[in-house]
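>>> 3D, please:
(one chain, ligands or ions: 2)
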Amino acid sequence: MKITDAYVIVTCPARNFVTLKIRTDEGVYGIGDATLNGRELAVASYLTDHVIPCLIGRDPHDIEDIWQYLYKGAYWRRGPVTMSAIAAVDTALWDIKAKVAGLPLYQLLGGKSRNGVMVYAHANGQTVGDALDQVQHYVDLGYKAIRIQAGVPGLKGVYGVAKGINYEPATRGLPAESAWSTEAYLDFAPTLFAAARDRFGWDLHLLHDVHHRLTPIEAARLGKSLEPYRLFWMEDPTPAENQESFRLIRQHTTTPLAVGEVFNSIWDAKDLIQNQLIDYIRTTVVHAGGISHLRRIANLADLYQIRTGSHGATDLSPVCMGAALHFDLWVPNFGIQERMVHEDVTNSVFPHAYTFDQGYMHPGEAPGHGVDIDETEAAKYPYQPAYLPVARLTDGTLWSW
Ligand SMILES: O=C(O)[C@@H](O)[C@@H](O)[C@H](O)[C@H](O)CO
Ligand SMILES: [Mg+2]
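Numbers count the residues shown, from 1 in each chain. Ligands and ions are numbered 1, 2, ... in the order given. Below you'll find the model as predicted:
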């Protein structure tokens, strides 16, 4: 079997997505998500100009060899652009291999380890009341786990609070700027979860995303203040370039920690995992080198009783969601899967087999990862430059958004 051609499809139904399609001499094709929010065209070019020419003529079944070729052969290793490109190739090749085998991808990985994939929804609101009303909405839909984000009194445009129905952080044109105050946030956050437990009780898993904004000792203080409300996890409490900094958080709080959506390789997480400084690893199919590399990360995490909790925002395409659900159904140390619901127009571009029912998702039994791209639909929505915001402290200091 030979790869005959491959190409990149950039489309913007509701938001930008980058998809790689690999075609073979036996008529079977595979697709992979290559979307990197705010840097989409960098990955599209990396694939088109530097990767695809090296794929033509190769056997698509040689997934590991092609992965190693793209990782080591580039000389310049790692990074979100490189690893998202490699991820798209890897995902498309797994899609092909499973289609040729006539099996849903999870069967090729080792079969199912559970009956369904528990997912968490995003509830948010400018006020505590608005946020908790959205929690009720997702409870009514059957979710067992819900992330809660709310506006912080005195601040505008806080991370995680949607302007419309669905939360999409990237905005058209150049990056928007938002103000941040750690002091206001640290005083406010515990009141949000006290109100949530008061209204919804203790059966519901509650999650929260700090989104890289605190110093380690501030994160320790927040984790401690949230302990009475028993969070499922506190996510991205501090920027994780310095993996060692999580030791300081760990020393002060038992609130479970989740990190990794911005990681793109096992090296970003190795020390966090081996020192048990986190409880969930959030690396994804699309940004961490695809199924092949994500499997390595999950296997290392399993040795330390760390579970997966893959990122699943709407800036990861349905192709990533489909592949992730197959991975989640198989992976032994599964924790939870993030699920932000894509817009209907996005789903019209990406028909898929996965389903949701009462808080759980299933990838479906279609051969491959079960997601396709309708290129005619995709062509209706040309790329629109859009960027993630930047944050500044109230004195103007550039801060982590
Ligand atoms: O946990 C999450 O879903 C967030 O961290 C994301 O919304 C993140 O801000 C976006 O995916 C960035 O593109
Ligand atoms: Mg996050």
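>>> Going along the chain, name the helices of the stretch 1-150 of the chain.
Ranges of helices within the stretch 1-150 of the chain are 40-45, 52-55, 63-72, 80-101, 105-109, 128-140, based on DSSP state H, counting those that start in this stretch.
>>> The last one: which residues count as buried?
Neighbour-count burial for helix 128-140 flags 128, 131-132, 134-135, 138-139 (criterion: 16 or more other C-beta atoms under 10 Å). C-betas here are computed from N, CA, C, even on glycine.
>>> pLDDT at residue 119, what is it?
Here, the pLDDT recorded for residue 119 equals 98.
>>> Tell me the bridge partners for it.
residue 337 (DSSP bridges).
>>> Roughly how far does it sit from residue 386?
Residue 119 is 26 Å from residue 386, where distance means C-beta to C-beta, to the nearest Å.
>>> and the buried residues of helix 128-140 as a markdown table, adding distance to residue 218?
Formatted as a markdown table, the buried residues of helix 128-140 follow (distance: C-beta to C-beta, whole Å):
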| residue | distance to residue 218 |
| --- | --- |
| 128 | 21 |
| 131 | 22 |
| 132 | 25 |
| 134 | 27 |
| 135 | 25 |
| 138 | 29 |
| 139 | 31 |
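>>> Let me know how buried the residue in the chain that ligand 2 sits nearest to is, in neighbour terms.
Closest contact between the chain and ligand 2, by C-beta to the ion, is at residue 209 (4.3 Å). Neighbour count for residue 209, taken as other C-beta atoms under 10 Å: 22.
>>> please renumber so the chain begins at 782
I'll keep to 782 as the first residue from here, and by that count the last item is residue 990.
>>> shouldn't it be in contact with residue 931?
No. Assessed by C-beta atoms under 8 Å, residue 990 is found out of contact with residue 931, at 11.5 Å.
>>> residue ranges of the strands in the stretch 882-1031 of the chain, please?
898-906, 926-931, 952-953, 958-961, 986-990, 1014-1016 (DSSP state E, counting those that start in this stretch).
>>> Would you tell me which of those strands gets closest to residue 1142?
Across the strands of the stretch 882-1031 of the chain, residue 1142 has its closest neighbour in strand 898-906 (4.7 Å, C-beta to C-beta).
>>> Against which helices or strands is the closest one packed?
helix 909-921, strand 926-931, helix 1099-1111, strand 1118-1119, strand 1141-1143 (3 or more C-beta pairs under 8 Å, 6 or more residues apart in numbering; DSSP states H and E).
>>> for residue 1106, what are its contacts?
Contact analysis of residue 1106 by C-beta atoms under 8 Å, 6 or more residues apart in numbering lists 898, 1118, 1135, 1142-1144.
>>> can I get the residues you listed in TSV with neighbour count and distance to ligand 1?
Below are these laid out as TSV (neighbours: other C-beta atoms under 10 Å; distance: C-beta to the nearest ligand atom, whole Å):
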residue	neighbour count	distance to ligand 1
898	26	16
1118	24	11
1135	21	18
1142	22	16
1143	22	21
1144	29	20
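>>> Pipe these into JSON lines and attach distance to ligand 2 per row.
Listed next are the contacts of residue 1106 as JSON lines, based on distance: C-beta to the ion, whole Å:
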{"residue": "898", "distance to ligand 2": "18"}
{"residue": "1118", "distance to ligand 2": "13"}
{"residue": "1135", "distance to ligand 2": "21"}
{"residue": "1142", "distance to ligand 2": "19"}
{"residue": "1143", "distance to ligand 2": "24"}
{"residue": "1144", "distance to ligand 2": "22"}
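>>> hmm, stretch 798-808 touching ligand 1?
No. Stretch 798-808 lies out of reach of ligand 1 by C-beta under 6 Å from any ligand atom, never closer than 12.2 Å.
>>> do stretch 1066-1082 as well
No. Residues of stretch 1066-1082 are not located near ligand 1 by C-beta under 6 Å from any ligand atom, the shortest gap being 9.4 Å.
>>> That stretch near ligand 2 anywhere?
No. Using C-beta under 5 Å from the ion, stretch 1066-1082 stays clear of ligand 2, with a minimum separation of 11.9 Å.
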